[in-house]
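**Student:** Let's see this in three dimensions:
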Amino acid sequence: MLRIKPDIRFKKEITRISGSPLGECIQCGNCSAVCSLAPEDRPFPRKEMAWAAWGLKDKLMGNPDIWLCHQCGDCSTYCPRGVRPSDVLAAVRKITIQHYARPGFMGKLLSSPAYLPVAIAIPVVIISVILMMAGTFRIPEGPVNYSKFFPHIWLNTTFTAMTLFFYGMAFIGLRKFWKDMKRIIPAGGRKSTLFKSILQVLKEVFGHSKFSGCKSNKSRNLAHLLTFFGFVLLLLVTLYAIVASITHHYPLSFTNPFKILGNIASLMLYTGITIMIARRLFDRGNAGRSNYDDWLLLISILLLTASGTLVEAARFLEWGWAYHLYFFHLVCVWFLIMYLPYTKLAHIFYRTLAMVYARSVGRL
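**Tutor:** All right, here's what the predicted structure looks like:
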């Protein structure tokens, strides 16, 4: 006899986040039929909708199919009952990030606007303490030179150490996620080596081939493409800047190729984020339900990009409040990079891992 043990709190949480009337799903299978990404064998999201309606948390937390969905919205567009499966799967992904967050309180910290003041206060306090330890917590005299305010040796070592700590903790949760995927979807008959699977997934990620299959949200492909590659380029520029500061070739001139590349990346991010925000404000039917974690991510990226642009302008134009902007920019950097494993941006890890696992066991 098969026993079903529903988690009512889990079901209520999905309903609250997604706003979906789960009880109205009639299991017609239309959502799986119209999805261009679902595998032919046990396609999603029909079975996930049933599990969500039954409150089967253990079936969903380590389910890689949740992450194979790219939330294009085709299933919601063609749902005859208006249950919006794409929003349901998005809600499960949010709960998944909180479930695997290590330490656990960090997942809660970034999941509710009630905790936002604390989430902001943490980097403000820590950065202030580092500046006091460095003995530079004051406005330097003379031309704008950010290294006099936050010495590179202090900036690079402390931010690198804290990044390694947060991502090391995230690795513990991701390892548990990988084990749960093995439990829910064991290896099938057709397998692929892990190395080959990683290469195939990287090709898909950088080619954004999955997004091109979405019919309901064509503009989402362009927005995601610009944001993704803009973010990647800025990371590369940041890594170069760290090396340049160590070799005493920093700050970069305005005509430096990496400085130009950074400005191009910023324009890409401005464009991509603007499209995403416009869709969520003016095309809600296709964009899907917007929650706190959606807006937190979009605004975080926008503030990081805008503050970086202002910090650059302040240095070249010698603005008097350049160091105040720089402090704000550092808080934005912390918020996006250090908190990444606990926000919606963590799908970079979870979706990639799920795609790799699905490839390795013949699911894709």
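**Student:** Skipping adjacent residues, who's closest to I139 in space?
**Tutor:** Y323 (5.4 Å; C-beta to C-beta, 6 or more residues apart in numbering). For every residue, glycine as well, the C-beta is placed using N, CA and C.
**Student:** and that neighbour, what does it touch?
**Tutor:** Residues near Y323 by C-beta atoms under 8 Å, 6 or more residues apart in numbering: I139, P140, V144, Y146, F149.
**Student:** 10 Å instead?
**Tutor:** R138, I139, P140, V144, N145, Y146, K148, F149, F150, V311, A314 (C-beta atoms under 10 Å, 6 or more residues apart in numbering).
**Student:** List the buried residues in the helix or strand encompassing it.
**Tutor:** Here Y323 sits within helix 322-333, counting by DSSP states H and E. Of the residues in helix 322-333, A322, Y323, L325, Y326, F327, F328, H329, L330, V331, C332, V333 count as buried by neighbour count, 16 or more other C-beta atoms under 10 Å.
**Student:** Send over that helix as PDB, restricted to the C-alpha atoms.
**Tutor:** Provided in PDB are the C-alpha atoms of helix 322-333 (Å, rounded to 0.1, in the frame of the first residue of the first chain):
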ATOM      1  CA  ALA A 322      32.900  60.000  -4.300                       C
ATOM      2  CA  TYR A 323      33.800  58.000  -1.200                       C
ATOM      3  CA  HIS A 324      30.200  57.900   0.000                       C
ATOM      4  CA  LEU A 325      29.200  56.500  -3.400                       C
ATOM      5  CA  TYR A 326      32.100  54.000  -3.200                       C
ATOM      6  CA  PHE A 327      30.900  52.800   0.200                       C
ATOM      7  CA  PHE A 328      27.400  52.300  -1.100                       C
ATOM      8  CA  HIS A 329      28.800  50.400  -4.200                       C
ATOM      9  CA  LEU A 330      30.700  48.100  -1.900                       C
ATOM     10  CA  VAL A 331      27.500  47.300   0.000                       C
ATOM     11  CA  CYS A 332      25.800  46.600  -3.400                       C
ATOM     12  CA  VAL A 333      28.700  44.300  -4.300                       C
END
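**Student:** Of the contacts of Y323, keep whichever come out buried.
**Tutor:** Buried among the contacts of Y323 by 16+ other C-beta under 10 Å: V144, Y146, F149, F150, V311, A314.
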